[in-house]
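> Here is the input, now give the coordinates:
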Amino acid sequence: MPEFRRLSIEDIPSVSKLEKETFGSEAWSEKDYIEVLGLSYAYYLVVYEGEKLIGSCGLRNMCGDGEITNVMIVPNERKKGIGEKMLLELMSRTKEIGVREFTLEVRSQNMPAIGLYKKLGFVEEGMRPKFYTDPSDDAVIMWKRQ
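Numbers count the residues shown, from 1 in each chain. Predicted coordinates for the structure are as follows:
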């Protein structure tokens, strides 16, 4: 059974490694994660199966709008419902800190992620052309509003 908990300093090496494996050249560094721990408006979640990190995601509360970032699941744990449970947990926990609506950006070619976000009630509301590099891709802007 997956265990969900808030990101701590001890999690950062594992989260940073997963970030590099997931996002390549666009990955956050360990320093980036250390900095986010000090932000009062940020909430980052990790998911463990026993001692093994299997996923992570985060959110920044921007005046009541939750900007979801860094959504990642280890490859051999994908398509098992963990991403959905992780995002539901993140959204539930951050409502307690004043988040009312949620937004995120996703690669336009990442159909599994877009399908998951739609299942969770997100809708496409915009596009950022050539937002991503390596490989180049547009970002789909999605919102889950009240």
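> Which residue ranges of the chain form helices?
Along the chain, counting by DSSP state H, helices occupy 12-23, 30-37, 82-95, 111-119.
> Of these, which is nearest Glu51?
Distance to Glu51, taken as CB to CB, is lowest for helix 12-23 among the helices of the chain, at 9.8 Å. The C-beta positions use only the backbone N, C-alpha and C, and glycine is treated the same way.
> got the CA positions of that closest one in CSV?
Taking C-alpha atoms only, helix 12-23 is exported to CSV below (Å, rounded to 0.1, in the frame of the first residue of the first chain):
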residue,chain,number,x,y,z
ILE,A,12,15.6,15.1,-1.8
PRO,A,13,18.3,12.8,-3.2
SER,A,14,15.7,10.2,-4.3
VAL,A,15,13.3,12.8,-5.6
SER,A,16,16.1,14.6,-7.5
LYS,A,17,17.2,11.3,-9.1
LEU,A,18,13.6,10.5,-10.2
GLU,A,19,13.3,14.0,-11.5
LYS,A,20,16.4,13.6,-13.7
GLU,A,21,15.1,10.2,-15.0
THR,A,22,11.7,11.7,-15.7
PHE,A,23,12.5,15.2,-17.1
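> now it against helix 30-37, angle please.
110 degrees (axes from the mean of the first three to the mean of the last three CA atoms, to 10 degrees).
> In TSV: the helices of the chain, plus mean pLDDT.
Below are the helices of the chain laid out as TSV (pLDDT from 0 to 100):
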stretch	mean pLDDT
helix 12-23	95
helix 30-37	95
helix 82-95	96
helix 111-119	96
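> what's the closest of those to Lys52?
Nearest of the helices of the chain (CB to CB): helix 12-23, 8.4 Å.
> hmm, who's touching that closest one?
Identification of contacts with helix 12-23 by CB atoms under 8 Å, 6 or more residues apart in numbering yields 7, 27-30, 33-34, 37, 44, 46, 53, 55-56, 70, 72, 74-75.
> do stretch 128-146 as well
24-26, 91, 100-109, 114, 117, 120-127.
> Pull out the buried residues from the residues you listed.
Buried members of these, counted by 16 or more other CB atoms under 10 Å: 91, 102-106, 108, 114, 117, 122.
> Quick check: the two most widely separated of these?
The span of the buried ones among the contacts of stretch 128-146, defined through CB to CB, is set by Met91 and Ser108 at 22.9 Å.
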